[in-house]
Each structure stands twice: as structure tokens, then as C-alpha cells.
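show me how the following folds:
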Amino acid sequence: QGAPGHGQGAPPAVPQYGYGYPQAPAPPAQPYGNEGYAPPQQQGPGHQPPQQQHPGAPQHSTPPGGAQFGQGGAPVSAPGNWIAVVAPDREYFMAMMNRSGPEAAGLNLPAYSPEQQLPLNGGQITIGRRRHSTGEAPDIDLGRQPEDPGVSHQHALLVQQPDGVWAVVDQDSTNGTTVNGGEEPIQPFVPVPLRDGDRVHVGAWTTITVRRG
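Alright, predicted model coming up:
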């Protein structure tokens, strides 16, 4: 049983999710932060990039739509570099404990965990926990001490959009991903655009804040 809620009133009418519970069915995808947002459309299998049509022609750095791309087709950061600030979050930890199962009873917020800052570049940042059997580690590795046990090995991605902003994509993680203190997890595999200062919550206590430098 979790601790009393924060003045929410009647208990929830649906099974809770959280640490120790299966992830709740995700709600229908809803736009976030930009009502006109739609996930980028995938090119069909027959599509050929312009630069491949004429191998001897100069390479163009500005594809249709105006987005700047670097070598390998990865989006280049929009003006003002983005960073991710990773740190334990007491408020998120308490909210997660309130909606978690008995397996969470032994969890404790780390007494000391220095804030980490990671520049966002390369078009995609992986979030998760390293696999000790293979040594494979994500870009934001929450398997280091103090390890966040509520994070899946492949938990979520931060993906740069064609307009240069970043979005978070949950990878069907066990305990889900929430944004800005939301109570419901975002829908797996659906990009949720992020604005400067937005907070991504994963695991038992980790918050990743994205900031534009």
C-alpha cells in the first residue's frame, strides 16, 4: 500500500501503475506542446535521396523543408545547443511511491547523486541501464551507482526532430515514462515533443530535464 495521496480525493477507478505494477495501457496519442505536431512520415522503400541520384554532383546540406542535416543524414542542432540534466527527483519519487506496489517498499531516494549534464547531439540519445553481461550501455546510463532499479535496459529515446527540437519516445518500458509530473505514462513508440525546461520522468526517481543552451 502506498502513502496517502496529495489531496486527490477518491481512489483511482482503474488499476494503478508504477514500480512493481505492469504498465497501464497507454491513453490515445495526444499532441503535446504543439497542437499541430505530427510524427515525421517515413519515406517509402522506393525513395532515393537526391544526393544518390547524381554521385558526381555537389552534396546539398539543405533537404526539402529547410532542415539542416550533417554527415550521415543526422539533424544538426538548431540555434542554441540542447543539454539533458539528469538527477534524482524527490517530488517524482514520492509520487511514484504513492502509486506503486509492495515491491517498492524497500526503495530509498539516493542520499547523494551528483547532477549529470549531457549535450544532446547526434540526432538520438538512448536512455536505460547497461547490460552487465554484454557491457552494452545507453547514452544516459542509469545503471551506474546509485542505480535506478525502475529503469528498463532500453527505456526511452530522445530523438531530434527535423525542426531541431527534441522529442521523447518510450520504448515500451516496464514502468513507463511520464512528462512534467503527469500521472499517466506516454504512449509507447509515439514521439512527444519537448520544450525548453520540460522534465522527463523514468524509473523510480530519475528526472531528465531538457534545456536549450
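
check for me that Val200 belongs to a helix.
No. Going by DSSP: H, G, I helix; E, B strand; the rest coil, the assignment for Val200 is strand, not a helix.

and the gap between it and Gly182?
Noted for Val200: a distance of 10 Å to Gly182, by CB to CB, to the nearest Å. Heads up, the C-betas are built off the backbone N, CA and C, glycines and all.

Asn121 too?
In terms of CB to CB, Asn121 sits 27 Å off from Gly182.

please apply the same query to Gln117.
24 Å.

identify the residue spatially nearest to Thr209, adjacent ones excluded.
Val85 (4.5 Å; CB to CB, 6 or more residues apart in numbering).

do you know how far that neighbour is from Ala104?
25 Å.

for those two, indicate the residue with more neighbours.
Between Val85 and Ala104, counting by other CB atoms under 10 Å, Ala104 is the more crowded of the two (21 against 15).

that one belongs to a helix?
Yes. Membership of Ala104 in a helix is supported by three-state DSSP.

what pLDDT is listed against it?
The score at Ala104 is 78. That number is its pLDDT.

gap between it and His132?
Taking CB to CB, one finds Ala104 at 23 Å from His132.

try Arg144
11 Å.

so which of these two has more stuff around it?
More crowded of Arg144 and His132, by other CB under 10 Å: Arg144, with 12 against 9.

helix or strand for that one, which one?
Here Arg144, judged by DSSP states H and E, is contained in no helix and no strand.

same check, this time on the one 5 residues further on
Pro149 is located outside every helix and strand, with elements delineated by DSSP H and E.

name the nearest residue to it, sequence neighbours excluded.
Ala204 (6.3 Å).

how many neighbours does the one you found have?
Neighbours of Ala204 (other CB under 10 Å): 26.

same question for Gln154.
16.

also Pro119?
So Pro119, with other CB under 10 Å, has 12 neighbours.

and it, backbone torsions?
Main-chain torsions, Pro119, degrees, to the nearest 10: phi -70, psi 140.

just the pLDDT at the nearest residue to Leu120 once chain neighbours are set aside, thanks.
Leaving out its chain neighbours, the residue that sits closest to Leu120 by CB to CB, 6+ apart is Trp82, at 4.1 Å. Trp82 is assigned 95 on the pLDDT scale.

of Gln117 and Gly182, which one has the most company?
The neighbour comparison of Gln117 against Gly182 (other CB under 10 Å) goes to Gly182, with 14 against 11.

over to the more buried one. Which of the three states is it?
coil.

okay then, goodbye and thanks.
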